[in-house]
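Student: 3D model of this:
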Amino acid sequence: MYFSKTTEYILRILIHLTEHPGKLFSAKTLHKDLDIPYKYVGHILTKMSQKELLDVTRGKHGGYKLSDGKEHTSVAQIIELFEENSTKHRCILGVDHCSVDSPCTMHKHWSTIRTTMEIKLNKIRISDLGATPLFKVSHVS
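Tutor: A predicted model of the protein is given here:
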């Protein structure tokens, strides 16, 4: 299962905000910290705040922070919120008429894999992902 770049960036932002509870981040700071294209950050942050994942504080010292309790949101819930063409119901081979009644050659195998992934992704909370740095920091000696 592959996620769109948007979902990838959203997960990065959520993990970063979870690691810094209550701290406000500007779009510019998130762009720099997470290596997300600046023009795209604002668009993503707007989508996230519309879905009530983020609280927005306007003004000179404003920014974005994770809404209370959202650190307990599962990765599966995030994917469901933002993946427009979710692989949940799509055939892995791209066959239009693939279904339980008319399966493609991969249907049985992919169905099992997809179900396992959904179960696992429902168990992973955003807060579970914050222990490991998103990016390795290279130190110059």
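Student: remind me, longest helix of the chain?
Tutor: Selection of the longest helix in the chain by residue count, based on DSSP state H, yields helix 107-123.
Student: Show me what it packs onto, helices and strands only.
Tutor: helix 75-82 (3 or more Cβ pairs under 8 Å, 6 or more residues apart in numbering; DSSP states H and E). Every residue, glycine included, has its C-beta placed from N, CA and C.
Student: Mind listing what's buried along the helix it packs on?
Tutor: Within helix 75-82, the residues that count as buried by 16 or more other Cβ atoms under 10 Å are V75, A76, Q77, I78, I79, F82.
Student: which residues sit against that helix?
Tutor: Residues outside helix 75-82 that contact it (Cβ atoms under 8 Å, 6 or more residues apart in numbering) are 3-4, 6-7, 10-11, 14, 47, 51, 53, 86, 88, 118, 121-122, 124-126, 129.
Student: cutoff 10 Å now
Tutor: The set of residues external to helix 75-82 that reach it, using Cβ atoms under 10 Å, 6 or more residues apart in numbering, is 1, 3-4, 6-11, 14-15, 44, 47-48, 51-53, 70, 73-74, 86-88, 117-126, 128-129.
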